[in-house]
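1. Quick one, structure for this:
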Amino acid sequence: MSRPVLLSIVELGGYPDFRPLYRKAGYEVLMETRMRKAMGTIRKKKPDVIVAEFNFQSDFRDRTSSLESMMSVAERLPDTRVIVFYEKEYAHQFERLQAVCRFYRTFSFPIPEQELAEALQALV
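-> Just a heads-up that it's a prediction; the model follows:
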């Protein structure tokens, strides 16, 4: 039996590499560092779980971040669950996105590893 696929999108990083945690939870892990490439991977691989960062970009005219663009692709996959990491200082901007997008779980930095592991294991 094949393992579920998790796509980790790490644009900025600055936090632990969670790939070992993802594998331990039972996932085949794919990783992208650019949102444009990640959107192509989502279309091709149709991951079971996507873990991405909310990086507020004030220079965007019509959206809050590239995560919003990614969600327009991910929402076409109703069985895909999305987990988002965000900075507390951008919580207000992230709330605007949460008003229009559904996320399985969200975590502010620093990421609570045990809670992340439990959230992922609940999906396997």
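2. what about the helices in the protein?
-> Counting by DSSP state H, residue ranges of the helices within the chain are 19-24, 35-45, 66-74, 91-98, 113-121.
3. The closest residue to Cys101 other than its chain neighbours - how many residues pack around it?
-> In space, and not counting its chain neighbours, Cys101 is closest to Met71: 4.7 Å by Cβ to Cβ, 6 or more residues apart in numbering. Every C-beta, even on glycine, is put in place using the N, C-alpha and C of the backbone. Met71 has 21 neighbouring residues, counting by other Cβ atoms under 10 Å.
4. so how far is Gln121 from Met71?
-> Remark: distance between Met71 and Gln121 (Cβ to Cβ, to the nearest Å) = 24 Å.
5. Comparing the helices of the chain, which comes out most buried?
-> Compared across the helices of the chain, helix 66-74 shows the largest average neighbour count, a mean of 19 (mean count of other Cβ atoms under 10 Å).
6. just to revisit the earlier point, looking at the helices of the chain, spot the one closest to Tyr104.
-> Between Tyr104 and the helices of the chain, the shortest gap by Cβ to Cβ is with helix 113-121, which sits at 7.2 Å.
7. helices or strands next to the closest one in the packing?
-> Helix 113-121 makes packing contacts with helix 19-24, strand 81-86, strand 105-108 when contacts are defined by 3 or more Cβ pairs under 8 Å, 6 or more residues apart in numbering; DSSP states H and E.
8. just to revisit the earlier point, the residue nearest to Cys101: what's it in contact with?
-> 82, 97, 101 (Cβ atoms under 8 Å, 6 or more residues apart in numbering).
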